[in-house]
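Colleague: Prediction below, plus the sequence it came from.
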Amino acid sequence: MRIRAMVIAAVLAASLVPATAAQARQPAAAQPAANGAAYAAPVTQAGGPYRWATAEDAYYQRRLTVCADSLEVRHTRGGAAFGYLGKPQTFTVQGVDAEFGSEWVYGFAYGDVNAHGYVQNGWFCL
């Protein structure tokens with residue numbers, strides 16, 4: 001009986017986890033809708049598919065290279081953009097906002113911006 005429960009739990013867990021990491025990052029717009037429509041409405045994806053800045057990066061104030069074509073720099077989390085960083089410009093991480101799931105990173109944006117601000121996490125090169 002115990003083995004049967006473990007098998008059922010394993011099957012349920014496997015059905016909830018995407019088969020690949022790429023499927024996990026795939027936005028909802030690219031997945032078929034459950035109601036039979038061709039595609040679901042677009043959903044803003046939190047963070048990017050590249051390296052995420054960590055609290056350790058903030059502690060050591062690491063200067064990371066941006067991998068995005070256009071990364072918005074903002075005065076507040078989710079506020080209006082006042083500048084843009086692009087590859088290979090850099091960003092010094094001074095704080096990772098753990099309250100919001102580390103989606104926003106605070107620091108100094110070098111390159112075209114040269115100012116402090118927030119950027120969306122997940123757009124730094126390895």
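Modeller: Structure received. Numbers count the residues shown, from 1 in each chain.

Colleague: Give me the below-cutoff pLDDT ranges for the protein.
Modeller: 1-47, 99-101 (pLDDT under 70).

Colleague: Outline the domain layout of it.
Modeller: Per the record's domain assignment (automatic domain parsing), the chain is made up of the domains 1-45, 55-120.

Colleague: which residue ranges form the strands in this structure?
Modeller: When assigned using DSSP state E, the strands of the chain occupy the ranges 63-65, 71-74, 81-85, 90-96, 104-109, 115-120.

Colleague: Now do the contacts for R62.
Modeller: R62 is in contact with A53, T92, V93, counting by CB atoms under 8 Å, 6 or more residues apart in numbering. Glycine gets a C-beta too; all of them are placed from N, C-alpha and C.

Colleague: One more pass at 6 Å, please.
Modeller: V93 (CB atoms under 6 Å, 6 or more residues apart in numbering).

Colleague: Can you give me the distance of it to G117?
Modeller: 17 Å (CB to CB, to the nearest Å).

Colleague: Kindly report the same for Y50.
Modeller: 19 Å.

Colleague: more crowded one of those two?
Modeller: Applying other CB atoms under 10 Å to Y50 and G117 shows that G117 carries more neighbours, namely 21 against 15.

Colleague: Who is that one paired with across the strands?
Modeller: G107 (DSSP bridges).

Colleague: How about G83?
Modeller: Here G83, judged by DSSP bridges, has bridge partners V73.

Colleague: Is it correct that it is in contact with V73?
Modeller: Yes - G83 lies in contact with V73 (CB atoms under 6 Å); the separation is 4.3 Å.
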